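# I would like the atomic coordinates for the input below:
(chains A, B, C and D)
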Protein chains: 2
Amino acid sequence: MLVKSEQAITNADRTFFQLRKDIVEGIIPAGSKLSEMELSTKYEVSRAVIREAINRLATCHLVERKANVGARIVALSPEGLVQLYQVREALEGMAARLAARHMSDKEIADMQALLDSHFDKVKDGQSYYQEAGDVDFHYRIVTGSKNDHLISVLVDGLYHLVRMYRVQLGMAGPRVSTAFDEHRHIVNAIANRDEELAEMLMRRHILYSKNNIEKKLNHD
Amino acid sequence: MLVKSEQAITNADRTFFQLRKDIVEGIIPAGSKLSEMELSTKYEVSRAVIREAINRLATCHLVERKANVGARIVALSPEGLVQLYQVREALEGMAARLAARHMSDKEIADMQALLDSHFDKVKDGQSYYQEAGDVDFHYRIVTGSKNDHLISVLVDGLYHLVRMYRVQLGMAGPRVSTAFDEHRHIVNAIANRDEELAEMLMRRHILYSKNNIEKKLNHD
DNA sequence: TATTTAACTAATGTCGACAATATAGACCTG
DNA sequence: CAGGTCTATATTGTCGACATTAGTTAAATA
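Take a look at the predicted model:
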């Protein structure tokens, strides 16, 4: 559990983090409008701070702005989810390839140890750690790519939207053990410095994950 | 030549576009610091407008902000270029795959006609149209993917950085006819609805392009 | 002289007020 | 009554001033 802790320096930082949290967790409903005045009273900061926070949310694709009209939180849709996972497949596939190229032996060993500890918890039925473990795994691969653009787009951007879908559509579901095996195979490929295989396995892993979620959506 | 013409609504829009242009074209040198006061007098707008413009530039990865310190334009480096093209390879590869899946027959026919017209110009040695043609081609593939995330990240983000490298490192160079043939093959794969091939050809096309630029860089 | 500390300066962060714009509703007109 | 125009109002866009922070220079002490 070594996910970077982005710490707030300015007031705008704090407001941005708080707003993002409230949006991802659905405290502010998806699709709703964001009123600058309303938020500035609610979060007890000036409109300038709220505006900056909203602008940052727009860069994460969590809200959409229209000039002279305002911002509203994105609506969650099956098509949106599909498009999101298509981009994940492309970017994280490349991340796995680059991780196989650039991760140090120590980083790989640490990741293997991490999977071992996850295995113990999953074995004991602690599904609580499932999502945290999954997040941690993907995070390490992405940072292991050593590609700043990849890291930024995924960690600062898409992952929050992914979490928003997971939380609000209730994707805590199973696929635990199978996903865990897939993680193992990906790490093995990286340990063998097999870029081609690492990318392919990661892409399939994300594709399966998408299919799994889609199946659930259609059953509701 | 049907690249979307993003039109400025607000003052911040205009300032953002102008600043982006000046940065990409090197009028404001890469790596230099952006002073809010200085820019607000130079562009004759208030600091609030400049701040918003700078924030948007940060979204495109054209500038980097540090709290309580300020923003500076990114520095161009060989490593940065490599990382940029790695992301392009992943995203545009996926875009080509999705274009083969989602583009209408008419869109494909239009793109083929576009290549024909480019061919005439290239044949006549009008290398002036080379870059415009290249931009147009890639733009159509990306929008043809019908994936909003892909379109946004590439068109609003990475492409400007790509242009910045091209302009400032003087990448007007040849590789015209070979690149043109590669474009042809990609369009053919899309016309045949061969997703796998379309993605592979696009990835190789971008990989070749990167290698070509790297070779040039090392020869200077 | 080297080092630490303390003021000073210049930049960014934040705020409240004013200007410009879009939306809704009333009113007019065919 | 349908359609369009015009006004009213609420929201966003913009501005200048003030607060706070980082970096620098100068002073003081060991």
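# Three-state assignment for the most centrally placed residue in chain A, please.
Most central in chain A under C-alpha atoms, centre = their mean is A:Y159, positioned 2.0 Å from the mean C-alpha point. Following DSSP: H, G, I helix; E, B strand; the rest coil, we place A:Y159 in the helix state.
# can you pull the contacts of it?
A:135, A:138 (C-beta atoms under 8 Å, 6 or more residues apart in numbering or on different chains). Quick note: C-beta positions are derived from backbone N, CA and C, even for glycine.
# what's the spacing between it and A:T15?
20 Å (C-beta to C-beta, to the nearest Å).
# Chain neighbours aside, what residue packs nearest to A:V167?
Computed as C-beta to C-beta, 6 or more residues apart in numbering or on different chains, the closest residue to A:V167 that is not its neighbour in sequence is A:E25, at 5.6 Å.
# Could you do A:L62 as well?
A:L62 sits nearest to A:I23 (C-beta to C-beta, 6+ apart), 5.5 Å away.
# Now do the helix or strand that contains A:Q86, average pLDDT.
Under DSSP states H and E, the secondary-structure element containing A:Q86 is helix A:78-102. Mean pLDDT, helix A:78-102: 97.
# what's the angle from the very next helix or strand once past that helix to helix A:78-102?
Next in sequence after helix A:78-102, counting helices and strands by DSSP H and E, comes helix A:105-123. Angle, helix A:105-123 to helix A:78-102, by axes from the mean of the first three to the mean of the last three C-alpha atoms, to 10 degrees: 130 degrees.
# Remind me what helix A:105-123 packs against, helices and strands.
helix A:128-144, helix A:176-191 (3 or more C-beta pairs under 8 Å, 6 or more residues apart in numbering or on different chains; DSSP states H and E).
# CSV for those helices, including distance to chain B, mean pLDDT and mean neighbour count?
Below are the helices and strands packed on helix A:105-123 laid out as CSV (distance: least, C-beta to the nearest C-beta, whole Å; pLDDT from 0 to 100; neighbours: other C-beta atoms under 10 Å in any protein chain shown):
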stretch, distance to chain B, mean pLDDT, mean neighbour count
helix A:128-144, 12, 85, 19
helix A:176-191, 16, 88, 18
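# DNA strand D: which of the ones you listed is closest?
Closest approach to DNA strand D among the helices and strands packed on helix A:105-123 is made by helix A:128-144 (25.6 Å; C-beta to the nearest atom of the strand).
# Can you pull out the low-pLDDT segments for chain A?
Applying pLDDT under 70 to chain A flags residues A:1-4, A:122-130, A:171-177, A:219-220.
# Outline the domain layout of it.
A:11-73, A:78-218 (automatic domain parsing).
# Between those, which one is closest to B:S40.
B:S40 sits nearest to domain A:11-73 of all the domains of chain A, at 15.1 Å, using C-beta to C-beta.
# What is the end-to-end distance of the closest one?
For domain A:11-73, the first-to-last residue distance is 21 Å (C-alpha to C-alpha, to the nearest Å).
# And for stretch A:64-79?
Where stretch A:64-79 starts and where it finishes are 17 Å apart, if you go by C-alpha to C-alpha.
# Indicate whether it makes contact with DNA strand C.
Yes: using C-beta under 7 Å from any atom of the strand, stretch A:64-79 reaches DNA strand C at A:68-69.
# coming back round to it: for the residue nearest to A:V167, give its distance to DNA strand D.
22 Å (C-beta to the nearest atom of the strand, to the nearest Å).
# Please, which helix or strand holds A:E64?
Short version, using DSSP H and E: A:E64 is in strand A:63-66.
# Are there helices or strands packed against the helix or strand just after that strand, and which ones?
For strand A:63-66, the following helix or strand on the C-terminal side (DSSP H and E) is strand A:70-73. Helices and strands touching strand A:70-73, by 3+ C-beta pairs under 8 Å, 6+ apart, are strand A:33-34, helix A:47-59, strand A:63-66.
# Go through those and pick out the most buried.
Counting by mean count of other C-beta atoms under 10 Å in any protein chain shown, helix A:47-59 has the highest mean neighbour count of the helices and strands packed on strand A:70-73, with a mean of 20.
# Please work out the angle formed by the directions of it and helix B:47-59.
20 degrees.
# Three-state assignment for the nearest residue to A:R14 once chain neighbours are set aside, please.
Using C-beta to C-beta, 6+ apart and skipping the chain neighbours, the partner closest in space to A:R14 is A:A8 (4.3 Å). What three-state DSSP gives for A:A8 is coil.
# Got phi/psi on A:A8?
phi -80, psi 130 (degrees, to the nearest 10).
# A:K66: what's it in contact with?
Contacts of A:K66 (C-beta under 8 Å, 6+ apart): none.
# which residues does it bridge with?
On the basis of DSSP bridges, A:K66 is bridged to A:G70.
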